[in-house]
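**Q** Test case, fold it:
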Amino acid sequence: MDLNAALKAFIRTVEKGSMTGAARDLGISQPAVTKHLLNLERHLNARLLERSPQNIRPTAHGVELYEASRGAIASIDAALEGIRLNVGDIEGNLRIHAPSCIGSKHLHGILLDFQDLYPKIAVDLVLDDRTVDLIYENFDLTLRYGRIEAQEVIARRFGWMQRILVAAPSYLERVGEVRSPEQLSSLSIISTFVVLSGKNMLPLMRSASPTIEIPVKPVFRTNDAHVLLNTLLAGRGIGQVQWCLVTDLIAEGRLVRVLPAYAVKPTEAFLAYPSNKFMRPVVRAFTDFVMPRLKEIEGISQSADDLGCVI
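**A** The predicted structure is shown next:
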């Protein structure tokens, strides 16, 4: 029996709650995972997993083995990768989660540049706007917006996401020039679910001035950045967007900044990784590679006071 492979299959089965999920993460077949688990239980002469049609849960013996082995396996993997690093080789799998907006627009290209440097790296990039569990979903890194309270996560802030108001020229031709924030109350607003409060109040900031809240009427809301942009480009209203997502569209004249003296309250942005995992050389190398690149993105400021407002 390959004990290392069996323990990896066991750990991922516990974390995913299914042998199918473990097989997908490990890149092996589901029957191979089943064989590893049966061999491990036979080797220990103990039942490690309770199986049901809905999910798989560890027994008391399984919990004990999981807690004892997951750190040890991570240490072994890190040691092996460390030796490869010492002989000039960085390889392995890198599993990353990020919001779809910055992920497709910026992180994707950074990852391709990283692979050009280290061709033996395999990347899993998962893009959506939910909060993931780094441990149980087996992610090495995640990009997150907003302060992170979880104690088992180490977070490195790479800046503040600046948010601005934009609209298509065709929409502004119909409604006229927007000269004051109060006008927004009578205009069509395109929004994500997270920027507006429950009472549809839009928080706007101006350099050296208190935050004001404007009551608005959202006519279209979405959790997808690309849907948001396409709706704005179709001339359906004014939207609050991440500046880094629209720099090229503004430069091309396809979108126009509205009320440039104001900005939507910025959001802190972090690169996070599990604190209870050994930081494998490939993860450390990518972290060192990506942090300065993220800080250089236009629309990501290095100060909470830098709102990108035009005075």
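
**Q** In the stretch 1-150 of the chain, where is pLDDT below threshold?
**A** 53, 74-89, 150 (pLDDT under 70).

**Q** how about the strands in it?
**A** 49-51, 56-58, 92-98, 121-127, 141-145 (DSSP state E, counting those that start in this stretch).

**Q** Quick one: closest of these to residue 107.
**A** strand 92-98 (5.2 Å; CB to CB). C-beta here means a position set from N, CA and C on the backbone, and glycine is covered the same way.

**Q** which helices and strands does the closest one pack with?
**A** strand 121-127, strand 141-145, helix 281-295 (3 or more CB pairs under 8 Å, 6 or more residues apart in numbering; DSSP states H and E).

**Q** right, and the strands of the stretch 1-150 of the chain - which one's nearest residue 5?
**A** Once those are compared by CB to CB, strand 92-98 is nearest, at 15.2 Å.

**Q** and the closest one with strand 141-145, angle?
**A** Inter-element angle recorded for strand 92-98 and strand 141-145: 10 degrees (by axes from the mean of the first three to the mean of the last three CA atoms, to 10 degrees).

**Q** Could you check how far strand 92-98 is from the centre of its chain?
**A** Put simply, strand 92-98 sits 11 Å off its chain's centre (CA atoms, centre = their mean, to the nearest Å).

**Q** Enumerate the positions of it that are buried.
**A** Counting neighbours by 16 or more other CB atoms under 10 Å, one finds that the buried residues in strand 92-98 are 92, 94-98.

**Q** what's the average pLDDT for stretch 199-209?
**A** Mean per-residue pLDDT for stretch 199-209: 84.

**Q** Could you list the buried residues of it?
**A** By 16+ other CB under 10 Å, the buried positions in stretch 199-209 come out as 200, 202-206.

**Q** Which of those residues fall in strands?
**A** 202-205 (DSSP state E).

**Q** any chance of the residues you listed in JSON lines, plus distance to residue 246?
**A** Output for those, formatted as JSON lines (distance: CB to CB, whole Å):
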{"residue": "202", "distance to residue 246": "17"}
{"residue": "203", "distance to residue 246": "19"}
{"residue": "204", "distance to residue 246": "17"}
{"residue": "205", "distance to residue 246": "18"}
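
**Q** out of these, who's nearest residue 148?
**A** Checking these one by one against residue 148 (CB to CB), the nearest turns out to be residue 203, at 21.4 Å.

**Q** Confirm for me that the closest one is in contact with residue 216.
**A** No - Residue 203 is not in contact with residue 216 according to CB atoms under 8 Å; the separation is 10.7 Å.

**Q** ok, then the element right after whichever strand in the chain runs longest?
**A** For the chain, the strand with the greatest residue count under DSSP E is strand 153-167. Next along the chain after strand 153-167, taking DSSP states H and E as the criterion, comes helix 169-175.

**Q** What residues sit buried inside that next one?
**A** 171-172.

**Q** can you give me how far that helix is from the chain middle?
**A** Offset of helix 169-175 from its chain centre (CA atoms, centre = their mean): 34 Å.
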